[in-house]
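A.B. asks: model this:
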Amino acid sequence: MVDSPFKVDALSGKVALVTGGSSGIGLEITKQLGVHGCSVVITGRRKAVLDGAVAELQALGITAAGLQGDVRSADACADWVATTCKMFGSIDILVNCAAGNFLANAAELSQGGFRTVMEIDAVGTFTMSRAAFEVLKQNSESVIINISATLHYGATWYQVHASAAKAAVDSITRSLALEWGEYGIRVNGVAPGPIRGTAGMSKLAPGEEASMEQVVTAAVPLGRMGDKGDIALACVYLASSAGRFVSGETLVVDGGAWLHRPQLVPRGMVSQVSRKVESSSRQVGTAKAGGSSSGAAPRSKL
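C.D. replies: Purely as a prediction, here's the structure:
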């Protein structure tokens, strides 16, 4: 777990519910919320993984509990909210991190496969937020954080399902921020870029993580992949008073990767190429300024 620049009591006394919080980025987010003072509840489908994550959180001194279920179920979402409130009295922070993804050629992707990712990521984000709304609006400083992605900022190969789902998540973030702001509910998102040690890397580049990391790093302006802690600390910022006037925003945490374009001119040659272009432009300008070939002066018009 990364060291934090925030005060250890930045989220003291708050209660966080994190869907998909039993592994990967979700677990790291939960850890950081917990070490900064939150009591945490995580959800997941696999009981063994869920139990292991709760034990890991408790070993860090975090007050934690796990609830099994599927974010695609409205009943499960409602039960999670009710149980969290029963255990800890309220919910101050909701993190929608549950997600599904896999590589798929669009021409071969089934409707069921497309729908599954949409239901987990997009529908699940709305369903969970809607289930928590009545509780969140009782607190004038409650926060929803939706974990998104940068896949849809341009386009990403073999990710039509996940790109569509995350585009929907970003839209949900903006819409809920607009509609629920009057209740004091801030709604923001975090869009991770390439993060090492995640299911995304292992699923999307099975058995080739090392070589894939080299390829990915070459396309990141900061020259490295991110860590799960980078995403978790972004969530701490948005959940804390430091982000108290931020709502409707999706914070991109990707080292500038989505801005990447191939470097057409090597850095060391920029000045040389620029001087050559400027010199050519001056020569052309001088030739044009020489006047007409007849030598006659242009007549002015009255």
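A.B. asks: how far does the helix or strand containing residue 187 sit from the chain's center?
C.D. replies: Assigned by DSSP states H and E, residue 187 belongs to strand 186-192. Computed by CA atoms, centre = their mean, to the nearest Å, the chain-centroid distance of strand 186-192 equals 6 Å.
A.B. asks: could you list the paired strands of that strand along with their orientation?
C.D. replies: The strands beside strand 186-192 in its sheet (DSSP bridges) come out as strand 143-147 (parallel), strand 250-253 (parallel).
A.B. asks: please work out which of these is packed deepest.
C.D. replies: Neighbour counts (mean count of other CB atoms under 10 Å) averaged over each of the strands paired with strand 186-192 peak at strand 143-147, with a mean of 27. Placement of C-beta: from N, CA and C, glycine included.
A.B. asks: mean confidence for that strand?
C.D. replies: The average pLDDT for strand 143-147 rounds to 98.
A.B. asks: okay, and the beta partners of the spatially most central residue of the chain?
C.D. replies: Among the residues of the chain, the one closest to the centroid is residue 191, at 1.6 Å (CA atoms, centre = their mean). Using DSSP bridges, the beta-bridge partners of residue 191 come out as residue 252.
A.B. asks: please pull out the lowest mean pLDDT helix or strand from the chain.
C.D. replies: Lowest by mean pLDDT, DSSP states H and E among the helices and strands of the chain is helix 199-204, with a mean of 66.
A.B. asks: mean confidence for stretch 19-30?
C.D. replies: 97.
A.B. asks: name the surrounding residues that touch that stretch.
C.D. replies: 1, 16, 18, 40, 42-44, 46, 49-50, 52-53, 56-57, 62, 64, 66, 71, 80, 95-99, 124, 128, 147, 192, 195, 198-199, 228-229, 231-232, 235 (CB atoms under 8 Å, 6 or more residues apart in numbering).
A.B. asks: ok so, going back, now the strands paired with strand 186-192 as TSV including distance to residue 36?
C.D. replies: As requested, the strands paired with strand 186-192 are exported to TSV (distance: least, CB to CB, whole Å):
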stretch	distance to residue 36
strand 143-147	13
strand 250-253	17
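A.B. asks: among these, which comes closest to residue 240?
C.D. replies: In terms of CB to CB, the element of the strands paired with strand 186-192 nearest to residue 240 is strand 143-147, at 8.9 Å.
A.B. asks: relative to strand 143-147, how tilted is the very next helix or strand once past the closest one?
C.D. replies: Downstream of strand 143-147, the first helix or strand assigned by DSSP H and E is helix 160-180. When axes from the mean of the first three to the mean of the last three CA atoms, to 10 degrees is applied, the directions of helix 160-180 and strand 143-147 differ by 170 degrees.
A.B. asks: CA atoms only for helix 160-180 - export them in PDB, please.
C.D. replies: Only the C-alpha atoms of helix 160-180 are listed here, as PDB (Å, rounded to 0.1, in the frame of the first residue of the first chain):
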ATOM      1  CA  VAL A 160     -16.800  -1.900 -27.800                       C
ATOM      2  CA  HIS A 161     -18.700  -3.300 -24.900                       C
ATOM      3  CA  ALA A 162     -16.500  -1.800 -22.100                       C
ATOM      4  CA  SER A 163     -16.100   1.500 -24.000                       C
ATOM      5  CA  ALA A 164     -19.900   1.900 -24.300                       C
ATOM      6  CA  ALA A 165     -20.400   0.900 -20.600                       C
ATOM      7  CA  LYS A 166     -17.800   3.400 -19.300                       C
ATOM      8  CA  ALA A 167     -19.100   6.200 -21.600                       C
ATOM      9  CA  ALA A 168     -22.500   5.600 -19.900                       C
ATOM     10  CA  VAL A 169     -20.900   5.700 -16.500                       C
ATOM     11  CA  ASP A 170     -19.400   9.100 -17.200                       C
ATOM     12  CA  SER A 171     -22.800  10.300 -18.300                       C
ATOM     13  CA  ILE A 172     -24.400   8.900 -15.200                       C
ATOM     14  CA  THR A 173     -21.800  10.800 -13.100                       C
ATOM     15  CA  ARG A 174     -22.600  14.100 -14.700                       C
ATOM     16  CA  SER A 175     -26.400  13.600 -14.600                       C
ATOM     17  CA  LEU A 176     -26.500  12.600 -11.000                       C
ATOM     18  CA  ALA A 177     -24.200  15.500 -10.000                       C
ATOM     19  CA  LEU A 178     -26.700  17.800 -11.700                       C
ATOM     20  CA  GLU A 179     -29.800  16.300 -10.200                       C
ATOM     21  CA  TRP A 180     -28.600  15.400  -6.700                       C
END
